[in-house]
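# generate coordinates for the sequence data below:
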Amino acid sequence: MMVYFNKYIVPKAIAKGGKARLGDALIAQTCIDKNISLLTRDRDFRAFGDAAGLDLVLGIRTD
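Now for the predicted structure:
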């Protein structure tokens, strides 16, 4: 599987005031490319949802 990294996804996420680590950006880009939702507890992905249209489902802790 080849992922084509959109060089604009990180600057857009940062411009929205979020964090944009490379690993998070690659995961977000893969989900966007494959048109699948991302289920996570990591709220840093909200920046990608706002900036690039990532369909994000934030899980909650049930400890």
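
# isn't residue 31 right next to residue 37, touching?
Yes - contact criterion Cβ atoms under 8 Å: residue 31 and residue 37 qualify, at 7.1 Å. (Glycine included, C-beta is placed from N, CA and C.)

# contacts only, for the most centrally placed residue in the chain.
Among the residues of the chain, the one closest to the centroid is residue 28, at 3.4 Å (Cα atoms, centre = their mean). Applying Cβ atoms under 8 Å, 6 or more residues apart in numbering, we find residue 28 in contact with 9, 13, 38, 45, 48, 52, 54.

# ok, and the closest non-adjacent residue to the third one?
Same thing as residue 38. In this structure, residue 38 finds its nearest non-sequential neighbour in residue 31, 4.6 Å apart by Cβ to Cβ, 6 or more residues apart in numbering.

# so how far is residue 47 from that neighbour?
Separation of residue 31 from residue 47 (Cβ to Cβ, to the nearest Å): 14 Å.

# what does residue 57 give?
16 Å.

# would you mind telling me which of these two has the busier surroundings?
A side-by-side neighbour count of residue 57 and residue 47, using other Cβ atoms under 10 Å, places residue 47 first with 25 against 10.

# thought that one was touching residue 13?
Yes - at 3.8 Å, residue 47 and residue 13 qualify as touching, with contact defined as Cβ under 8 Å.

# in this structure residue 40 contacts residue 55, no?
No - the pair residue 40 / residue 55 is not scored as a contact, 11.5 Å apart, by Cβ under 8 Å.
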